[in-house]
Every structure is written in structure tokens, then in C-alpha cells.
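Peer 1: sequence and predicted model, in that order:
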Amino acid sequence: MRIRQAVLEYSAYRVQDLRPGTGPEIAFVGRSNAGKSSVINSLVGRRLARVGKRPGHTPALNFYRIDTHCYWVDFPGYGYAQRPQFERDRWRQVAEAYFCYRPNLRGIILIMDSRHAPTPLDDLLVRWLAPFGYPVIGVLNKVDLLGLTERAALERRMTAWAWRGNLMAVVPFSARTGEGRPALLSWIQKLCFEEPR
Ligand SMILES: Nc1nc2c(ncn2[C@@H]2O[C@H](COP(=O)(O)OP(=O)(O)OP(=O)(O)O)[C@@H](O)[C@H]2O)c(=O)[nH]1
Ligand SMILES: [Mg+2]
């Protein structure tokens with residue numbers, strides 16, 4: 001998959017900001033600070049989405065148009081206890097409205113920080129998403145920060161978890177080094193163009 005153009009089409013802060021989808025769409029979800037925005041930037045090859053040192057950097061669902069063919073949605077992170085309650089409620093409301101009816105959504109990319117993956121919240125999200133039937137791909141981000149032994153242990157643990165959570169694949173990734181980029185792009189390509197639901 002070659003990406004020539006990627007632009008922010010719009011941001012949805014509230015349920016009423018959501019617009020009907022017009023093409024194959026991929027949602028990037030995960031805990032706050034796991035690196036969702038960084039993974040998107042690494043895939044498109046430039047600084048498109050805002051990346052933050054502190055968690056809670058992406059406050060809205062940001063819809064990016066990738067060339068003319070598809071849309072990627074950068075979600076706000078969940079699980080950051082320092083955010084006010086009303087913001088956490090709003091996340092749930094917008095996410096519910098989005099996932100409950102999104103016929104053009106072809107797949108979900110669940111980004112996790114490989115040093116802590118999977119967390120109980122990731123587990124909860126996977127179970128919550130299961131009845132909707134969207135394909136889910138797990139991404140173990142920040143593998144550049146792992147030693148060889150940690151990494152081998154993580155991959156073993158993740159394979160078991162992926163099987164339980166019915167994930168389509170688990171991709172080790174580093175937004176810093178670009179590891180895993182070809183593999184993830186090829187999954188996205190498959191989801192968007194080869195297996196229409
Ligand atoms: N070492 C390393 N750091 C990373 C990697 N990916 C992201 N980071 C860092 O992790 C922090 C969070 O990255 P973001 O991309 O803003 O994370 P996010 O999941 O979009 O965060 P929210 O929008 O707040 O939910 C930043 O300081 C990034 O530079 C990676 O692969 N390796
Ligand atoms: Mg972000």
C-alpha cells in the first residue's frame with residue numbers, strides 16, 4: 001500500500017459531530033499514550049497526527065483521508081485516570097455511537113505499549129467489541145524499548161491472548177524504528193480492499 005496523500009478531514013468531539021462514512025475505514029484505538037498517533041504518523045511517513053509527551057493528547061476522533069481510497073480514525077486514548085469524568089463519559093458515548101453502527105468500518109487496530117500489553121482495559125475493550133464482529137489486529141508498539149528476552153516472552157504471551165480475544169493478527173511495531181510497518185500496512189490493505197464485509 002503506497003500512501004501519497006493524507007489529510008485531516010474532520011474531528012468529532014461529540015456524538016453529533018460524527019458523519020456517515022463514505023469509504024473503507026480503519027479505527028486506531030488503544031490506551032492513552034500507547035502511541036496511536038505515532039503509529040499513524042509512521043505509516044504515512046510524516047507528522048500528520050499530534051503526538052504528546054503526556055497522555056490525553058488526542059481529545060477527539062480525528063478522521064484522516066488516506067489518498068482517495070480510505071479513512072483512518074485516530075481515537076482518543078482510554079484509561080488515563082487524570083482526565084475529568086465528563087471527558088471519560090464522552091469517550092464512551094462517542095465510541096459507542098461509532099462502533100454500534102459503522103457499516104464502512106473494515107477493521108480495528110488496537111495499539112498497545114508492548115512493555116505493558118495487554119492491560120486489563122485492553123482485555124475489556126476486546127470483549128466489548130467482540131459482538132460487533134469487526135476484525136481486530138493487535139499492535140505491540142514501542143518494541144524498540146524491549147530487550148530480547150522481554151520481547152520473546154511478550155510474543156508468547158500475546159499469541160495466547162490473541163487467540164482468546166479472537167484477534168486476526170498481532171504485529172510487533174516501533175513507530176520510532178519503523179519495525180512492523182510493512183506488515184501492518186499490508187494488513188490494512190487486506191482489510192480495506194480484499195475482504196469486504
Ligand atoms: N520509544 C518509542 N516511543 C514511542 C513510540 N511510539 C510512540 N512513542 C512515544 O509515546 C508517547 C505517546 O505517543 P502518542 O502517539 O501521542 O500516543 P497516543 O496513543 O496517540 O496518545 P493519546 O492521544 O494521548 O491517547 C510520545 O512521547 C511518543 O513519542 C515507539 O514506537 N517507540
Ligand atoms: Mg493520540
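Peer 2: Nice, thanks for sending it over. Ligands and ions are numbered 1, 2, ... in the order given.
Peer 1: for this structure, which segments count as strands?
Peer 2: For the chain, the strands defined by DSSP state E cover 6-12, 25-30, 61-66, 70-74, 105-113, 136-141, 169-172.
Peer 1: reformat those strands as JSON lines; add mean neighbour count.
Peer 2: C-beta: built from backbone N, CA, C; applies to glycine. Listed next are these as JSON lines, based on neighbours: other Cβ atoms under 10 Å:
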{"stretch": "strand 6-12", "mean neighbour count": "14"}
{"stretch": "strand 25-30", "mean neighbour count": "24"}
{"stretch": "strand 61-66", "mean neighbour count": "22"}
{"stretch": "strand 70-74", "mean neighbour count": "23"}
{"stretch": "strand 105-113", "mean neighbour count": "24"}
{"stretch": "strand 136-141", "mean neighbour count": "25"}
{"stretch": "strand 169-172", "mean neighbour count": "20"}
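Peer 1: out of those, which comes closest to ligand 2?
Peer 2: With Cβ to the ion as the measure, strand 70-74 is the member of those nearest ligand 2 (5.9 Å).
Peer 1: got the angle between that closest one and strand 61-66?
Peer 2: 150 degrees (axes from the mean of the first three to the mean of the last three Cα atoms, to 10 degrees).
Peer 1: contacts for strand 70-74 next, please.
Peer 2: 6, 9, 21-28, 36-37, 40, 49, 58, 61-66, 98, 104, 106, 192 (Cβ atoms under 8 Å, 6 or more residues apart in numbering).
Peer 1: now the lowest-mean-pLDDT helix or strand in the chain: buried residues?
Peer 2: Lowest mean confidence among the helices and strands of the chain (mean pLDDT, DSSP states H and E): helix 85-100, at a mean of 84. Within helix 85-100, the residues that qualify as buried are 90-91, 94-95, 98-99, counting by 16 or more other Cβ atoms under 10 Å.
Peer 1: for ligand 2, state which of those residues is nearest.
Peer 2: Distances from ligand 2 to those, taken by Cβ to the ion, are shortest for Trp91, at 12.5 Å.
Peer 1: much appreciated, bye for now.
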